[in-house]
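A.B. asks: Make a model of this:
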Amino acid sequence: MNLDKLTSFAISAVLAAALMGNLDRLQLWILKSQAKLLYESRASAWGNPSVFKGK
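C.D. replies: Predicted coordinates for the structure are as follows:
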């Protein structure tokens, strides 16, 4: 996979946030996004497997 562009974008975003003094806000935004991703990917949100069983 080619992650060079993504890596350089992430580094530039962190440097820009650090230069503007908003590194704490960036970190909070990242933590909230990670928590939302974990919440949405929980197994209970996948649906009921009994839907696929024949009655």
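A.B. asks: Spit out the contact partners of residue 18.
C.D. replies: Not one residue lies near residue 18 by CB atoms under 8 Å, 6 or more residues apart in numbering. Quick note: C-beta positions are derived from backbone N, CA and C, even for glycine.
A.B. asks: And it, which helix or strand is it part of?
C.D. replies: Per DSSP states H and E, residue 18 falls inside helix 4-20.
A.B. asks: Mind giving me the packing neighbours of the helix or strand just after that helix?
C.D. replies: Downstream of helix 4-20, the next assigned helix or strand under DSSP H and E is helix 23-40. Contact here means 3 or more CB pairs under 8 Å, 6 or more residues apart in numbering; DSSP states H and E; on that basis helix 23-40 packs against helix 4-20.
A.B. asks: Now do the buried residues in the helix it packs on.
C.D. replies: Using 16 or more other CB atoms under 10 Å as the test for burial, helix 4-20 gives residue 17.
A.B. asks: Okay, angle between that helix and helix 23-40 too, please.
C.D. replies: 130 degrees (axes from the mean of the first three to the mean of the last three CA atoms, to 10 degrees).
A.B. asks: In CSV, list the C-alpha atoms belonging to helix 4-20.
C.D. replies: Only the C-alpha atoms of helix 4-20 are listed here, as CSV (Å, rounded to 0.1, in the frame of the first residue of the first chain):
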residue,chain,number,x,y,z
ASP,A,4,3.4,8.1,1.7
LYS,A,5,0.8,10.8,0.9
LEU,A,6,-1.3,9.9,3.9
THR,A,7,1.7,10.0,6.2
SER,A,8,2.9,13.4,4.9
PHE,A,9,-0.6,14.8,5.2
ALA,A,10,-0.9,13.5,8.8
ILE,A,11,2.5,15.0,9.7
SER,A,12,1.7,18.3,8.2
ALA,A,13,-1.7,18.4,10.0
VAL,A,14,0.0,17.7,13.3
LEU,A,15,2.7,20.3,12.7
ALA,A,16,0.1,22.9,11.7
ALA,A,17,-1.9,22.2,14.8
ALA,A,18,1.2,22.5,16.9
LEU,A,19,2.3,25.7,15.3
MET,A,20,-1.1,27.2,15.9
